[in-house]
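# give me coordinates for this.
(one chain, ligands or ions: 2)
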Amino acid sequence: MAMKIGVIGGSGIYDIPGLEEARWQAVETPWGAPSDEVLTGRLDGIEMVFLPRHGRGHVHSPTAVPYRANIDALKRLGVTDVISVSACGSFREEMAPGDFVVVDQFIDRTFAREKSFFGTGGVAHVSVAHPTCARLSAACVSAALDAGITVHDGGTYLAMEGPQFSTLAESRMYRAWGADVIGMTNMPEAKLAREAELCYASVAMVTDYDCWHPEHDNVDVAAVIATLTGNAEKARNLVGRLPGLLGSARAACPHGCDHALEHAMITAPDKRDPALLARLDAVAGRVLG
Ligand SMILES: CSC[C@H]1O[C@H](OP(=O)(O)O)[C@H](O)[C@@H]1O
Ligand SMILES: Nc1ncnc2[nH]cnc12
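Ligands and ions are numbered 1, 2, ... in the order given. I've put the predicted structure just below:
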């Protein structure tokens, strides 16, 4: 199978320059419109699809990002591996602004979003014990090291609803829970990628110390943007190295991301809702036949 890399760009990352035959194109999905048109093209001979999570011009709030449409659109376009690039706050002294964290765990505190492609008439339960792909994450760590970025291999990302930043009590509590970084978007994105049988890795770029650190100012958008200006360049450098590391011929995922739905559907075939099955054509077509 051919490798096709999808990149979801977060705050401060609204395009990726340097794609060959780059073209912005609209994609329709049964879950509505994605955040924006997608940018398709090739990098070092590998097909790439880029999607700005909040839309160009940062239109969608974290709650309003159409997560299901975004993941469906990438799947529909034949993407096999998704790299999420996000801004985040840090709960650890040693994870400093400017550092990257290749996240491997999440605590999902979001509550106002559609979190699954499945539902009445088509119930499925996938495992998210290991919510990111270890193979793809390892490639991101290598790409970051090659690019001279200070990168932390693994970390727990707390996904909050927002759009307001955390209170001091929340920030202290999340630290005590063992969270390493905080953001507003990687959930339900990671869960939906798993349901769609896509390998998913999350590169979180530290922009601030949230509000827990006695020697740093409380986070605000100006601080995030100031750090992001440098981080965005680093992120593009990282992404530019991925085609060389991943290669064009893709072996099946050794961790089973691309077979996550194998034993997940529990609704009896004669009880399934044809309308829902139709919407699942791209996401679950492999198992629904
Ligand atoms: C602009 S500060 C808060 C905003 O930034 C992060 O966005 P993303 O995860 O898409 O990079 C954070 O999650 C909030 O949405
Ligand atoms: N401290 C923070 N909390 C939530 N989302 C963020 N994105 C960047 N910094 C953040």
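# CA only for contacts and neighbour counts going forward, please
Fine.
# name whatever forms a beta bridge with the residue nearest to Val151 when sequence neighbours are not counted.
Computed as CA to CA, 6 or more residues apart in numbering, the closest residue to Val151 that is not its neighbour in sequence is Phe100, at 4.6 Å. Counting by DSSP bridges, Phe100 is bridged to Val151, Met205.
# distance check, Phe100 against ligand 2.
Per CA to the nearest ligand atom, to the nearest Å, Phe100 is found 12 Å from ligand 2.
# same question for Thr132.
In terms of CA to the nearest ligand atom, Thr132 sits 19 Å off from ligand 2.
# do Arg194 as well
On the measure of CA to the nearest ligand atom, Arg194 and ligand 2 end up 23 Å apart.
# okay, buried residues for the strand or helix carrying that residue please.
Element membership for Arg194 (DSSP states H and E) is helix 186-195. Neighbour-count burial for helix 186-195 flags Asn186, Met187, Pro188, Glu189, Ala190, Lys191, Leu192, Ala193, Arg194, Glu195 (criterion: 16 or more other CA atoms under 10 Å).
# packing partners for the helix or strand hosting Ile5?
Assigned by DSSP H and E, Ile5 belongs to strand 4-9. In terms of contacts (3 or more CA pairs under 8 Å, 6 or more residues apart in numbering; DSSP states H and E), strand 4-9 is packed against strand 46-52, strand 81-90.
# for ligand 2, find the nearest of those.
With CA to the nearest ligand atom as the criterion, ligand 2 lies closest to strand 81-90 of these, at 3.7 Å.
# for the record, mean pLDDT for the closest one?
Strand 81-90 shows a mean pLDDT of 98.
# next: stretch 107-118.
Stretch 107-118 comes out at a mean pLDDT of 98.
# and the helices and strands packed on strand 4-9, which is most packed in?
strand 81-90 (a mean of 27; mean count of other CA atoms under 10 Å).
# and that strand with strand 4-9, angle?
Strand 81-90 and strand 4-9 are oriented at 20 degrees to each other (axes from the mean of the first three to the mean of the last three CA atoms, to 10 degrees).
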